[in-house]
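**Q** quick one, structure for this:
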Amino acid sequence: MFAPKNVCPVPFDQQPLNEYLALKKSCFFAWSVLSLNKYMNTVFSIFILSLTFIIPVTWILFYNKMSLLYVFFYSILAVNIIFILLFIRLYLGWSYIVKRLLSATVFYEESGWYDGQIWIKTVDILTKDRLIGLYEINPYIKRIKYSLLLCVFLFLLESIILYLI
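**A** Modelled structure (predicted):
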């Protein structure tokens with residue numbers, strides 16, 4: 001995936017396609033590009049695992065102050081906040097990569113913050129990058145957006161239920 005220096009002066013690790021491949025292989029971002037079934041299983045597994053660790057913490061914090069129902073609702077609320085932060089991080093990471101892939105120019109640094117350069121992509125590289133951005137990454141971004149919106153909706157619903165109880 002490395003473009004020759006005479007075609008692309010951008011360092012290897014700052015080329016948008018290589019950034020995409022590195023992000024796709026990273027541990028945190030890799031599960032967000034799984035098939036929909038595996039993605040849902042992973043989200044459910046993380047939910048159950050988080051809830052398993054959060055319930056004892058909320059039980060200790062609210063011991064003898066609230067009923068078990070309140071402890072359970074506050075635990076779910078805490079896990080939901082964790083999920084909102086997690087999906088925001090996923091969204092920001094993928095949207096940064098797709099922005100660099102879809103852009104006709106690439107800002108890069110050769111050796112430090114003081115020598116930033118801008119490289120204009122060739123037609124071939126721009127076409128390939130835009131195809132990858134539009135048809136591979138955008139569906140993942142939409143999935144993350146829907147997951148984030150669902151978590152925010154559930155957070156608001158749980159907050160209303162806790163207020164009414």
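
**Q** the chain: helices as residue ranges?
**A** Under the criterion DSSP state H, the chain carries helices at the ranges 16-25, 27-30, 36-61, 68-102, 123-132, 138-164.

**Q** so who does Ile97 touch?
**A** The neighbours of Ile97, taking Cβ atoms under 8 Å, 6 or more residues apart in numbering as the test, are Pro16, Glu19, Tyr20, Leu23, Gly133, Ile137. For glycine as for every other residue, the C-beta is placed from the backbone atoms N, C-alpha and C.

**Q** Glu110 is nearest to which of the helices of the chain?
**A** Among these, helix 16-25 comes nearest to Glu110, with 15.8 Å by Cβ to Cβ.

**Q** show me which positions of the closest one end up buried.
**A** Pro16, Leu17, Asn18, Glu19, Tyr20, Leu23, Lys24 (16 or more other Cβ atoms under 10 Å).

**Q** can you lay out the residues you listed as a markdown table showing distance to Ser67?
**A** Below are the buried residues of helix 16-25 laid out as a markdown table (distance: Cβ to Cβ, whole Å):
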| residue | distance to Ser67 |
| --- | --- |
| Pro16 | 53 |
| Leu17 | 54 |
| Asn18 | 54 |
| Glu19 | 49 |
| Tyr20 | 49 |
| Leu23 | 44 |
| Lys24 | 45 |
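
**Q** mind putting these into JSON lines with pLDDT?
**A** Shown next, in JSON lines, are the buried residues of helix 16-25 (pLDDT from 0 to 100):
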{"residue": "Pro16", "pLDDT": "92"}
{"residue": "Leu17", "pLDDT": "92"}
{"residue": "Asn18", "pLDDT": "93"}
{"residue": "Glu19", "pLDDT": "93"}
{"residue": "Tyr20", "pLDDT": "95"}
{"residue": "Leu23", "pLDDT": "93"}
{"residue": "Lys24", "pLDDT": "93"}
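
**Q** from the contacts of Ile97, pick the one nearest Cys8.
**A** Ranked by distance to Cys8 (Cβ to Cβ), the contacts of Ile97 are led by Pro16 at 10.2 Å.

**Q** apart from its neighbours in sequence, what residue is nearest that closest one?
**A** Distances taken as Cβ to Cβ, 6 or more residues apart in numbering put Arg100 closest to Pro16, at 4.0 Å, once the chain neighbours are dropped.

**Q** from memory the one you found sits against Leu23, does it?
**A** No - contact criterion Cβ atoms under 8 Å: Arg100 and Leu23 do not qualify, at 10.7 Å.

**Q** show me what contacts Cys8?
**A** By Cβ under 8 Å, 6+ apart, the contact list for Cys8 reads Gln15, Trp119, Thr122, Ile125.
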